[in-house]
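*Asks:* Sequence and predicted model, in that order:
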Amino acid sequence: MVNAESEKAVRYLQQLDDARCAGRWKDVPELCRKVDKHAPHRATLTLTARSEAQVAAYSAQRPSTATSTAPSSLSQLIPTLLTAVEQSGGSGQDAFQATVCLGWLHYVLDEPGLAVARLPQDFGAVAATLGSDATPLSAWSKVCLVKGTYLKGSALEKTGAIGDAVTTYSSIISWLSTASPGTTNVQFTMWSEHLLVRLCQLSDQSAHTSHLIDSSTALKTFRYWDKFWEGSSRSGGSEAANAPRYRRLAWKAYYDTLSAILRFDLPYQHETVPTDQEKSALHSQSSIRLRQRAELKRVETVYESLLIKETQFPKASESNREIEGWVDSVIDNWRLFCGPTWNDNDLGEGGKEGVARSVLDILYRAATKTFHSTQILRYLFVVHASLAEFDLAFKAYDSYVEIITRGKDRAEKTGEIDAGVDDDSTVLRTSAEAIRLLCRFGSRKEAEQALEIGINIEKWLEQADHIRTASETGSIASTETQVESTALAGAYCAIGISHANWARFTYQVETRAESQAKAVQYLRRSIAPSLGCSNNVEALYALALVLAETRDIAGAIKVVKRALSPANKTTNISADGLLSTGPTSAYGRERKLIPLWHLLALLLTSRSEYDAAEKACEAAFEQFGDPTILFGADDANSYRSEHLNEASGRVVAGEGIVDRMETFEKTSVIQIKMTQLALLEVTDGASAAVDGGDELLALYSRLFGDPGEEKIKPAPPVAALAPPKSSAGTLRGSIFRGRGSVRAFSKEDPARNSSILGSKASPTAAQQGPPPAIQVTDNDNTKHTNGHHHHLLHHHKTEDTKVGVARTPSKLRKRSASLGRASISDPNQTPEVPPLPENVHNGTSTQGTVVSLSSTPRKSVESGDRALRSIPHNMSNASPPIGHADQPPKQDVRLPAPVPHADFIAPDPQFSKLQQRRQKVSLLISVWIFIAGLYTRAQMYEDARDAIAEALKLVESFEVEVLAESITSSALATAGWGGGKSAEELWADVFAARGELSVTKGSKHLARTDFERALLHFPDHPASIVGLSDILLDIYNESIPLEPLDQATATPHSSPPSIPSKSQAQPHSQPTASKTKYLTSHTPSAENQLSPPELNRLAARDRAFGLLSTLTKLGAGWDYAEAWYALARAYEESGQVEKTKEVLWWCVELEDTRPVRGWGCLGAGGYVL
């Protein structure tokens, strides 16, 4: 019989329920008395409520004020509650509440086993049973469902049953998600938060419990937590003392799980799409990735806001571990988002640059909660460098080094190790990366800075040796552990590269030789077997290049073959991107080997082994197998030799590897194709090589697109060019020195440009205005006067400001037999071209774009080597790599490897639009000038003139773009970072090419005008100096007249008066017999003995001598054979026979080891791949 409840009973029952839900436990006894009076049949309910009030009171005063008698009084409640449950039959909401109260009692009394036994087995089933009754669930029953679930799960964790705890926690999520409890009372919110926070922590896919729950289920839990957070944050959430920290840890687990899904390519289940429009694009890869990125960004924002808000600034002797772990995760995700497996379309607005800017904001905010964090400074250095903000990057690096240096000095004096600084291995890797960036993207100033960093590394190594020696004698009580061998190898490699790079820029001959010797020494040391990096491709490439430049051709070939050996494929470790490890790139090793194949080809040409050199060039492309893999199905046949086109039998749809290449890689492809044409010219003549020019232009178009379509638009208002928040302001200034002021923009003054471009007409291009457009004629149209059609210069310009290139069918003839054929040289010798890897068959490869899950185990340096002291705080606690014999069964070892995989290719920095344009235009101009040279040597002068005109248009257009960015004259003379050339140097290149064409045609006075103009733009331009010097020496020995016979001829090329040399007033009387005397005589009175023409000829000789003397001391001319030969001629004209012989012998030595093209054509990165 069901007892009917009076109106008062109902009212008091509701008040009791509300008091329990609100946690007003002091009101419970009085309300229970009233319920007992008006509803005596609810005795179980009132007993449970009174017991809950006592447990709550005991929990609130623990542990400081709890009395010793309290546990005994709580224990007395257990029998009465058990009796009440038995009398009620164990069913109904009152019995369920009493059961949960029993479990709570045992839990508070630290009896987790009894708590587990008392509580229901499946709370999801209990919720379904109670929900099916006629009586609706009371608010407190809903609280008990969540509360009981949490208590049982927590008790199971205390007993060690983590898997059962996860099952228990998860059993109620379905009810929470679908039942819509519709209550926001304090107790429900508190117990729900406890449950969800703990379940989120156990669902973390990056933790050791990741095997207990799959990623899809974990995401459902986290997304429910997200919704719960939105509701509870409005109502205030739990007021417990540690509640903010636990909520933050739940968000951290959410973020770490999304990060693990991203890094390890785990299944990602997107949220339900609410609209039909979104559902239509649901299954596309880009759409899924956009959602994944958006979810990660949302969670990232919430967690960061909580972390920054709730974290206090540490003391000087402390560090914020959670902040440091947070930035580690952010950087790891940034490396993946900005790596080869994601593109801009996958990332939404801003693309990869937007992601990097967001990371910078996070790093600067994190810096406000850390004290001199070397970790954050290191990451600022890396991310700023990735955005091509090298000035800011090296400000961060300078601050980093300053803190590290102070810490090392302090450790050396006191023996106290600063636990907050990076360990020595990380310091070496960071410094090696700094050298790599400076040498790859910088110029002379940066080369000097790289040399200083290399010297600092040497000092650190010596300092570490001193500390180690002192430690071994017992003067310093510390545990000495050697630095990681891979870090030491990378440091030696970087030091060697810095010395080699400086040798290219120094003006001192002795310093150059010393730097090159040191470079060889350190590079050899970096590949020593004891360091475990003997197959480092970057070190081998740099070593081979230095040996080549020092004319050790045999040694260089040996080193290159070692790098190209297929046996090194699986053991190779690359040093590039030491701080930017990420997923491996498709055909990464093969892509890195392209410059090495090119270097091998050049080395072979220096020994006149042209057939083997041609094979090496072909091998650079053949290593990818099917040409469609490299160029894509639609374009592969247009860039290959005929025998490769015939051998390709498969067609692979989609884009090619070249579409994934960075700019420097694409430049290497262009350069090796130019070398192929140079080889063709050597073996078959220039007339045969010109037919491959259209293939070269088509290849450029395939790799870089139409340069005319990529012109930079006029700059937006200054406000739109303001730096992002992460790049300026007081926050950055507090970390390292602030930036300079933003320059003001003003209107461009076109006077200089018009004055330079207004006098470019010549007898070969007599019309005024812009250079002529290049016409395209079919084979059946009117032929050119020299019998050669303009099929190379194949595009027709419709606008003067648009220069484009388009692809035409390949005409490069077959130059070599298959690489499988035996060499024609001595069969007992090692083949000049190493064999291709055996795992490439029919255009297939076993490599793919996968995340590297393991790395080569690190090796310790032998005790006899120098070693740095390790920092205990930063000692690695990671377990052995996957597959190790001691691998724990449940330990997560999927973190990124500390050393890049052999197939990892660090992405190029995100250069500005202008710098990207500079790189592409510089390369295209060099292509046009190269083609013009082919035409010139083939005596197709009109075609050569047209090719130079195309280059001239590109320079004109690019100069306008530069002036649109900055109106200062220095902008035209500065190349900036990234390997391109300045506008002034490009002008010099074009004028020098035009001058060489005029020399070939016999118009030396016109050529002199062009060479003079080139030197006005770029005073140290090698080709212009040599060309002008030859003409000046011809004037001196009267091979040509002092002035052109036809004055009208020189009028279009008239130039400002040349700058008089210091020796212009030297005496001259006899043209031949007294040359030595007049060269050394500086008597002022002798000036009156010479006629003006003789003085001019003497001045011409002396000017040529001065120009050549300077050039041969520069990095661009110390091994430039033409410059030395011209200098020998100047000595000869001056009567200095011994000097002439000495220089000529040097020319012979240079020519004996001279490749078909200069070593500088290997790539814009110098010694860095």
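*Replies:* The structure has been received and is ready for your questions.
*Asks:* so where do the strands sit in the stretch 901-1050 of the chain?
*Replies:* When secondary structure is read from DSSP state E, counting those that start in this stretch, the stretch 901-1050 of the chain shows no strands.
*Asks:* Could you pick out the longest helix of the chain?
*Replies:* helix 444-472 (DSSP state H).
*Asks:* C-terminal to it, what's the next element?
*Replies:* With elements assigned by DSSP states H and E, the helix or strand that comes after helix 444-472 is helix 485-503.
*Asks:* what secondary structure does Leu266 sit in?
*Replies:* Three-state assignment for Leu266 (DSSP: H, G, I helix; E, B strand; the rest coil): coil.
*Asks:* Apart from its neighbours in sequence, what residue is nearest it?
*Replies:* Ser215 (4.5 Å; Cβ to Cβ, 6 or more residues apart in numbering). From N, CA and C alone the C-beta is placed, and that goes for glycine too.
*Asks:* Can you name the residues that contact that neighbour?
*Replies:* Taking Cβ atoms under 8 Å, 6 or more residues apart in numbering as the contact definition, Ser215 lies against 205, 257, 260-261, 266-269.
*Asks:* Columns neighbour count on top of those residues, output as CSV?
*Replies:* Formatted as CSV, these follow (neighbours: other Cβ atoms under 10 Å):
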residue, neighbour count
Gln205, 25
Thr257, 26
Ala260, 22
Ile261, 22
Leu266, 17
Pro267, 9
Tyr268, 16
Gln269, 15
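*Asks:* Which pair in these has the greatest spatial separation?
*Replies:* Distance extremes for these: the farthest pair is Ala260 and Gln269 at 14.2 Å, using Cβ to Cβ.
*Asks:* Low-confidence stretches in the stretch 801-950 of the chain?
*Replies:* 801-903 (pLDDT under 70).
*Asks:* give me that answer again for 90
*Replies:* 801-908 (pLDDT under 90).
*Asks:* Could you do the stretch 151-300 of the chain as well?
*Replies:* 174-186, 189, 205-215, 228-245, 264-288.
*Asks:* Apply 80 and report the result again.
*Replies:* Regions of the stretch 151-300 of the chain meeting the criterion pLDDT under 80 cover residues 178-184, 232-242, 270-286.
*Asks:* got it, and the stretch 551-700 of the chain?
*Replies:* For the stretch 551-700 of the chain, the ranges with pLDDT under 80 are 566-585, 633-654.
*Asks:* again, 90 this time
*Replies:* Looking at the stretch 551-700 of the chain by pLDDT under 90, you get 565-589, 625-628, 631-656, 660.
*Asks:* In the record's domain split, what are the boundaries for this protein?
*Replies:* 1-183, 1021-1038+1056-1113+1119-1169 (automatic domain parsing).
*Asks:* Just put the ones you listed in a markdown table and tack on distance to Ile455.
*Replies:* Converted to a markdown table, the domains of the chain look like this (distance: least, Cβ to Cβ, whole Å):
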| stretch | distance to Ile455 |
| --- | --- |
| domain 1-183 | 54 |
| domain 1021-1038+1056-1113+1119-1169 | 17 |
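*Asks:* With mean neighbour count added, can I get these in TSV?
*Replies:* Formatted as TSV, these follow (neighbours: other Cβ under 10 Å):
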stretch	mean neighbour count
domain 1-183	18
domain 1021-1038+1056-1113+1119-1169	18
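*Asks:* what ranges do the helices span in the stretch 901-1050 of the chain?
*Replies:* 913-937, 941-965, 969-973, 983-1000, 1004-1017, 1022-1036, 1047-1050 (DSSP state H, counting those that start in this stretch).
*Asks:* Dump the ones you listed into JSON lines; add distance to Gly23 as well.
*Replies:* Putting the helices of the stretch 901-1050 of the chain into JSON lines (distance: least, Cβ to Cβ, whole Å) gives the following:
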{"stretch": "helix 913-937", "distance to Gly23": "61"}
{"stretch": "helix 941-965", "distance to Gly23": "65"}
{"stretch": "helix 969-973", "distance to Gly23": "69"}
{"stretch": "helix 983-1000", "distance to Gly23": "74"}
{"stretch": "helix 1004-1017", "distance to Gly23": "82"}
{"stretch": "helix 1022-1036", "distance to Gly23": "85"}
{"stretch": "helix 1047-1050", "distance to Gly23": "100"}
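*Asks:* Those: which one's closest to Lys142?
*Replies:* helix 913-937 (59.0 Å).
*Asks:* Based on its surroundings, how many neighbours for Gln201?
*Replies:* 17 (other Cβ atoms under 10 Å).
*Asks:* and what of Ala686?
*Replies:* 18.
*Asks:* so how far is Glu1122 from it?
*Replies:* 18 Å (Cβ to Cβ, to the nearest Å).
*Asks:* likewise Leu1006?
*Replies:* 20 Å.
*Asks:* how deep is Ser969 tucked in, by neighbour count?
*Replies:* 11.
*Asks:* go on, Gln521?
*Replies:* Neighbour count of Gln521, defined by other Cβ under 10 Å: 14.
*Asks:* quick one: which helix or strand includes it?
*Replies:* helix 509-526.
*Asks:* Name the residues that touch that helix?
*Replies:* 489-493, 495-497, 499-500, 502-503, 506, 533, 536, 539, 542-543, 546-547, 549-550, 575, 1113, 1115, 1118.
*Asks:* Repeat that for stretch 46-56.
*Replies:* 16, 20, 23, 25-26, 28-29, 31-32, 35-36, 73-74, 77, 80-81, 84, 94, 97-98, 101, 104-105, 108.
*Asks:* now, which of those lie within helices?
*Replies:* 16, 20, 28-29, 31-32, 35-36, 73-74, 77, 80-81, 84, 94, 97-98, 101, 104-105, 108.
*Asks:* Distance check, the residue nearest the centre of the chain against Gly978.
*Replies:* Centroid-nearest residue in the chain: Pro907, 3.7 Å away (criterion: Cα atoms, centre = their mean). From Pro907 over to Gly978 the distance is 14 Å, taken as Cβ to Cβ.
*Asks:* what's the closest non-adjacent residue to Glu324?
*Replies:* Gln375 (5.6 Å).
*Asks:* Asp422 too?
*Replies:* Thr374 (4.6 Å).
*Asks:* The one you found - how many residues pack around it?
*Replies:* 23.
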